[in-house]
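Colleague: Quick one, fold the following:
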Amino acid sequence: MPDHTCAGCGAITSPHDVVSVAAPDGAYRLLCSRCFNIEMARLADVHAFEHPEFTPIRLPGADGVVHEFHFRSLLFGDQLSLEALELASGDEDREGFRFQILGDPQTDPFELLGQMVKKIRRALAISHVVERAGQLELAGTMVRGRIEWDENQHGRLPCVVIDGRRIAWDDFGEMLMMYEGWQFRLELIDPSEEA
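Modeller: Down below sits the predicted model:
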């Protein structure tokens with residue numbers, strides 16, 4: 001198991017709450033989100049910035065399954081990124097739902113949290129895949145998800161995460177075959193925007 005010790009404060013940090021930061025000499029160091037934000041606030045000259053921390057929340061999906069979301073905030077100069085991550089398998093965030101909202105660093109962080117909870121609820125209210133006879137199928141003619149790295153494909157092909165489920169590219173292709181002959185529209189959307 002890799003070491004996730006913050007180079008700033010020395011705390012052992014969850015893998016989802018570390019940032020790999022490049023130094024001027026080309027070396028990389030891991031910082032927890034708090035130390036990253038302190039450093040970014042200093043570099044961006046953001047005064048009186050306080051690192052927001054939120055307790056994980058649990059929300060039900062359309063299928064009744066309850067999803068637990070952990071939060072991470074990262075200061076990017078003139079923007080504060082609030083991310084909600086469902087840590088579906090342990091502490092990793094490569095599957096499960098993931099959401100992001102961008103806001104002003106001086107905004108009340110609880111205002112951003114309120115917007116985030118609304119965004120999560122909207123997404124959880126819709127199922128894009130269903131299981132029938134032990135097979136996953138598309139629930140309709142529109143599907144939302146995100147593209148992820150597939151370590152089994154060594155960077156040749158991605159996988160997709162739909163409804164918080166990691167689906168291999170070949171399996172996703174099989175799901176699309178029920179629409180053979182149909183046309184499609186593919187639109188790539190920044191994670192902070194509404195899909």
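Colleague: From now on I want contacts and neighbour counts done on CA atoms only, so please keep to that.
Modeller: OK.
Colleague: Tell me which residue is most central in this structure.
Modeller: Central residue of the chain (CA atoms, centre = their mean): residue 98, 2.9 Å from the mean position.
Colleague: Quick one: residues contacting it.
Modeller: Neighbour list for residue 98: 83-86, 164 [criterion: CA atoms under 8 Å, 6 or more residues apart in numbering].
Colleague: nearest to residue 185, of those residues?
Modeller: Proximity of the contacts of residue 98 to residue 185 (CA to CA) peaks at residue 164, which lies at 21.8 Å.
Colleague: And that closest one, how far from residue 95?
Modeller: 6 Å (CA to CA, to the nearest Å).
Colleague: Need the overlap of contacts for these two.
Modeller: 86, 88.
Colleague: Which of the residues in stretch 6-20 are classified as buried?
Modeller: Neighbour-count burial for stretch 6-20, counted by 16 or more other CA atoms under 10 Å, picks out 6, 13, 15-19.
Colleague: for the longest strand along the chain, packing partners?
Modeller: Secondary structure assigned by DSSP state E gives strand 66-76 as the longest strand of the chain. Counting contacts by 3 or more CA pairs under 8 Å, 6 or more residues apart in numbering; DSSP states H and E, strand 66-76 is packed against helix 33-43, strand 57-60, strand 79-86.
Colleague: Now restrict the contacts of residue 98 to buried residues only.
Modeller: The neighbour-count test (16+ other CA under 10 Å) marks 83-86, 164 as buried among the contacts of residue 98.
Colleague: Can you give the contact residues for stretch 23-38?
Modeller: Residues outside stretch 23-38 that contact it (CA under 8 Å, 6+ apart) are 4-9, 11, 13, 17-22, 51, 72-75.
Colleague: make it 7 Å
Modeller: Stretch 23-38 has contacts (CA atoms under 7 Å, 6 or more residues apart in numbering) with 5-8, 13, 17-22, 51, 73-75.
Colleague: likewise stretch 146-164?
Modeller: Stretch 146-164 is contacted from outside by 95-97, 127-129, 144-145, 166-169, using CA under 7 Å, 6+ apart.
Colleague: Would you indicate which residues of that stretch are buried?
Modeller: Buried positions in stretch 146-164, judged by neighbour count with 16+ other CA under 10 Å: 146-148, 150, 158-164.
Colleague: can you check stretch 16-32 too?
Modeller: Under the neighbour-count criterion of 16+ other CA under 10 Å, stretch 16-32 has 16-19, 30-32 buried.
Colleague: Helices - which of the residues you listed land there?
Modeller: Taking DSSP state H, every one of these sits outside helices.
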